[in-house]
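>>> Let me see the structure of the following:
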Amino acid sequence: MSAQEELERRLAWLVDALDRRGSDLERWPDAERDQARSLMGTTPRAGELVARARSVDALLSSLPAVDASASLRRRVAEIPLRRVHAGPLVSLRSLWPFASVSRAFALAAVLLSLGAALGLGVATSSAAADDVGWDDFGGLMLADALQTDPQTVEVAP
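Have a look, this model is predicted:
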């Protein structure tokens, strides 16, 4: 990474830190504050970024506080009253992830079918493997135990 790229990366970090932490460096964690001050000593661009952030903070601080209107406060206060409380049955319905019972049964049928198809496929393939390979494997194991050539060992079916 070139020196110019490194400087750009550090300046991008400073802009991000100013956005997150504000322009008052005294409120920053010590490590980040020291890093920002070091960068400000290295390049005048860092000082310009901090000065711009301070001017934005001052401008925002000078704006008057806006109070919520009476109608907005009333509407916010009415939100809990709009919910219909019909007892525990309504809260149980909110936990049901399906729109209807028929969808739940349809999903169960699909999952059951998929499980059966996968189970039959595994059972069929493992049965075929049992029929083909175990005799040869047994002969190899016997030849190894007798320390003889596997070509000369015959295993009775």
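
>>> give the contact list for residue 17.
Listed by Cβ atoms under 8 Å, 6 or more residues apart in numbering, the contact partners of residue 17 are 28, 32, 36. C-beta coordinates here come from the backbone N, C-alpha and C atoms, glycine included.

>>> Among the residues you listed, which ones are in helices?
Counting by DSSP state H, the part of the contacts of residue 17 found in helices is 32, 36.

>>> Drop anything exposed from the contacts of residue 17.
Buried positions within the contacts of residue 17, assessed by neighbour count (16 or more other Cβ atoms under 10 Å), are 28, 36.

>>> Throw the contacts of residue 17 into CSV and include pLDDT and distance to residue 112, thanks.
Listed next are these as CSV, based on pLDDT from 0 to 100; distance: Cβ to Cβ, whole Å:
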residue, pLDDT, distance to residue 112
28, 93, 59
32, 94, 57
36, 94, 62
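
>>> now the contacts of residue 17 in CSV, with distance to residue 9?
Output for those, formatted as CSV (distance: Cβ to Cβ, whole Å):
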residue, distance to residue 9
28, 19
32, 15
36, 14
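
>>> Just give me the closest of the contacts of residue 17 to residue 77.
residue 28 (38.6 Å; Cβ to Cβ).

>>> show me what contacts the nearest residue to that closest one once chain neighbours are set aside?
Leaving aside its sequence neighbours, residue 28 sits nearest to residue 21 (Cβ to Cβ, 6 or more residues apart in numbering; 5.1 Å). By Cβ under 8 Å, 6+ apart, the contact set of residue 21 is 27, 28, 32.

>>> What's the separation between the last one and residue 25?
The span separating residue 32 from residue 25 equals 9 Å under the rule Cβ to Cβ, to the nearest Å.

>>> tell me which helix or strand of the protein sits lowest on mean pLDDT?
Lowest mean confidence among the helices and strands of the chain (mean pLDDT, DSSP states H and E): helix 88-95, at a mean of 59.

>>> Residues in contact with the helix or strand harbouring residue 72: which ones?
Residue 72 belongs to helix 70-82 when assigned by DSSP states H and E. With Cβ under 8 Å, 6+ apart as the test, helix 70-82 has contacts from residue 68.

>>> Which single one of the contacts of residue 21 is nearest to residue 55?
Taking Cβ to Cβ as the measure, residue 55 lies nearest residue 27 of the contacts of residue 21, at 17.3 Å.

>>> Not counting its neighbours along the chain, what's nearest that closest one?
That would be residue 21: by Cβ to Cβ, 6+ apart, it lies 6.6 Å from residue 27.
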